[in-house]
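**Q** Next come a sequence and a model predicted from it.
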Amino acid sequence: MKPIKSKRFICTEISGGAFDGTQSRVLVDRETGVNYLWTASGYAGGLTVLLDAEGKPIVTPVPEEDQEQE
């Protein structure tokens, strides 16, 4: 699946769908490389940083061409 691009975030994973009621996405911040988990179900949702086994944020290196140009 090709990542969905926005100005600040890259969507790297999508699970769930419109018909099962729950959606989850992994978003990567283009500026910091930090990974976030976004989940929505019905009218509720949440966003949290993804952590490794040591409790540190998961950081994905972002290629220069994907970083926001100022």
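**A** In hand now; what should we look at?
**Q** What's the separation between the residue nearest the centre of the chain and Phe19?
**A** The residue lying closest to the centre of the chain (Cα atoms, centre = their mean) is Leu27, at 0.9 Å. Here Leu27 is placed at a distance of 22 Å from Phe19 (Cβ to Cβ, to the nearest Å). (Each C-beta comes from the backbone N, C-alpha and C, glycine too.)
**Q** show me where pLDDT drops low in this protein?
**A** 1-6, 18, 65-70 (pLDDT under 70).
**Q** repeat that with 50
**A** By pLDDT under 50, the weakly predicted segments of the chain are 70.
**Q** just the strands in it please.
**A** 4-5, 9-16, 22-29, 35-41, 44-49 (DSSP state E).
**Q** Now do the last one: which elements does it pack against?
**A** In other words, strand 44-49. The helices and strands touching strand 44-49, judged by 3 or more Cβ pairs under 8 Å, 6 or more residues apart in numbering; DSSP states H and E, are strand 35-41.
**Q** The strand it packs on - contacts with which helices or strands?
**A** Judged by 3+ Cβ pairs under 8 Å, 6+ apart, strand 35-41 is in contact with strand 22-29, strand 44-49.
**Q** who wins for proximity to Pro63 among those?
**A** Among these, the nearest to Pro63 by Cβ to Cβ is strand 22-29 (11.1 Å).
**Q** what's in contact with that closest one?
**A** 8-17, 34-41, 50, 60, 62 (Cβ atoms under 8 Å, 6 or more residues apart in numbering).
**Q** next one: stretch 38-56 to chain centre, how far?
**A** 9 Å (Cα atoms, centre = their mean, to the nearest Å).
**Q** same thing with stretch 29-49?
**A** 6 Å.
**Q** Could you list the buried residues of it?
**A** For stretch 29-49, burial by neighbour count (16 or more other Cβ atoms under 10 Å) applies to Asp29, Arg30, Asn35, Tyr36, Leu37, Trp38.
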